[in-house]
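[1] Just to be clear, the model below is a prediction. Sequence and coordinates:
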Amino acid sequence: MAKNKKEMIPEERLAAALVPEEEQPYELPDGWKWVHLGGILDVSKKKMEEFTPDTKYVGLENIEKDTGVIRAVNTDGIKSTKNVFEAGDILYGKLRPYLNKHGVVEFSGVCSTDILVFKTSPLMENKLINHYFDLPQVISFAVSHSKGINLPRVNAKDILNICVPLPPLSEQQRLVARIESLFAKLDAAKAKVQAVLDAHETRKAALLHDAFAGKLTAKWREARGVTGDVYQSMPLADVCKSIFDGDHMPPPKSSRGIPFVVISNVNKGKLDFSETRFVPQDYYDKLTDTRKPESGDVLYTLVGTYGIPVLVDTDRAFCFQRHMALLKPNEEAVLQRYLWYALQQRNFYQSATKIAKGTAQLTVPIKGLRQLTIPMTSLPEQQEIVAILDRLLGREEEVRQSAESVLAAIDSMKQSILARAFHGELGA
């Protein structure tokens, strides 16, 4: 009579979990074996219903996405039954948004039932299998096998059916040490690059502040004999020909026609027509000119992700949802790029926040936006300010893009290290 899984010793389980040769993804070095994950992992289903004051709790939000660091919180207010885990177990989020949130836990406690508790066998280093979960093909497998509508979940049985390359134990230990050594160096580099990236917004805010405080053009004014306080705060309504939000009527849908821009098309600070809806031409034609964007105008988001100014730098016809405002500058009073930069000031965003209304989604009212003020100066000085900001912020943007490229390269290097490790190609 065949033994069931619980009756088997680790070596017997391993033998039973061997992957047939025709199903093996690729060839492994001598001494390595392809096994199903269920041969080296168990899912703990132990529950706890009553918690003591010192019981440690872990929810999905307590597992860091990129690092796998797991932090505990107390169980105050937690009433439902939770999964029990022990130090050394692997906690794995089974909800689709969290399928790459996992880590080896260093303490005992309880966790959300949306977290799978994996217990490794003596034949497998828990840290190595934890790294295996980071491989793209493993994440793709979990995503493709998750089921449900609102919050799809992956079943533990499906995860345990994944094929994993199993080296000898001594090689596993060497690989863990090597991976952690290389990752530590990459993480140190990543921290430095991230610090540069994190300071980007601070540097940008400082430059904008100096620009609209007159500091960046002080020498320019001095060279031209401009004296006195040349700046004055003026409401947007006084420097724009019109400020209107989008049409409040639900727009008719069309498979083609005029692009209908929503906040997701501008939330990166630029117009993006790659995935827009469309409205019929006749709907667009009936809109007033104050709701038809033209090159030289500025869009400003009003709802949820509010406070993003976007240059309209295209002659392409499009319309936009009511969650945005269209500002048409008065060319005799304000330059488009000057207005665009002024709307990016931190203190302008703070002013918009003060008048925002709502609970679930804050909304900047269009009437309130019209009354918010920006510092105004002469058109020649506006032109000089724009030229200076274009140059300085252009450099800042280059730094930001370079930093993001380096971060992407570091992530790619980590994936390369893991791929080589699980192919038996990660040397000393």
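    Perfect, thanks for sending it.

[2] next one: phi and psi at residue 244?
    phi -140, psi 150 (degrees, to the nearest 10).

[3] residues in contact with the nearest residue to it once chain neighbours are set aside?
    Once flanking residues are discounted, residue 244 sits nearest to residue 290: 4.5 Å by Cβ to Cβ, 6 or more residues apart in numbering. C-beta here means a position set from N, CA and C on the backbone, and glycine is covered the same way. Residue 290 makes contact with 242, 244, 326, 328, according to Cβ atoms under 8 Å, 6 or more residues apart in numbering.

[4] ok, what's across the strand from the first one?
    Listed by DSSP bridges, the beta-bridge partners for residue 242 are residue 328.

[5] Give me the neighbour count for the residue nearest to residue 313 when sequence neighbours are not counted.
    Leaving aside its sequence neighbours, residue 313 sits nearest to residue 295 (Cβ to Cβ, 6+ apart; 6.1 Å). The local packing of residue 295 (other Cβ atoms under 10 Å) involves 11 other residues.

[6] Would you check that residue 295 makes contact with residue 315?
    Yes - at 5.2 Å, residue 295 and residue 315 qualify as touching, with contact defined as Cβ atoms under 8 Å.

[7] Need the residues touching each of the two.
    By Cβ under 8 Å, 6+ apart, no residue touches both residue 295 and residue 315.

[8] Could you report the distance from the nearest residue to residue 29 once chain neighbours are set aside to residue 349?
    Distances taken as Cβ to Cβ, 6+ apart place residue 424 nearest to residue 29, at 3.8 Å, with adjacent residues excluded. Residue 424 sits 53 Å away from residue 349, going by Cβ to Cβ, to the nearest Å.

[9] now residue 224
    32 Å.

[10] Please apply the same query to residue 61.
    27 Å.

[11] now the strands: where do they sit in the stretch 1-150 of the chain?
    Taking DSSP state E, counting those that start in this stretch as the criterion, the stretch 1-150 of the chain carries its strands at 33-36, 41-43, 47-48, 56-58, 73-74, 82-85, 90-93, 102-104, 109-111, 115-120, 146-147.

[12] Tell me the helices and strands packed up against the last one.
    With contacts defined as 3 or more Cβ pairs under 8 Å, 6 or more residues apart in numbering; DSSP states H and E, the secondary structure elements packing on strand 146-147 are strand 153-154.

[13] And the contacts of the strand it packs on?
    Here strand 153-154 makes contact (Cβ under 8 Å, 6+ apart) with 94, 95, 96, 99, 114, 142, 143, 145, 146, 147.

[14] and the fourth one, how many neighbours?
    Residue 99 sits with 23 neighbouring residues when counted by other Cβ under 10 Å.

[15] Ramachandran coordinates for it?
    Per degrees, to the nearest 10, the backbone of residue 99 is at phi -70, psi -20.

[16] Just the pLDDT at the residue lying closest to it once chain neighbours are set aside, thanks.
    Leaving aside its sequence neighbours, residue 99 sits nearest to residue 142 (Cβ to Cβ, 6+ apart; 4.6 Å). Looking at residue 142, its pLDDT reads 91.

[17] Was I right to think residue 142 contacts residue 159?
    Yes - if you go by Cβ under 8 Å, residue 142 and residue 159 touch, sitting 6.5 Å apart.

[18] Do you have the helices of this protein handy? List them.
    Ranges of helices within the chain are 10-16, 126-132, 136-144, 156-160, 169-212, 218-223, 236-239, 281-286, 336-342, 346-355, 366-371, 379-421, based on DSSP state H.

[19] Can you name every helix or strand that the third one contacts?
    Packing contacts for helix 136-144, counted by 3+ Cβ pairs under 8 Å, 6+ apart, involve helix 156-160.

[20] How about residues contacting the helix it packs on?
    With contact meaning Cβ under 8 Å, 6+ apart, helix 156-160 is reached by 36, 37, 38, 41, 43, 92, 94, 116, 141, 142, 145.
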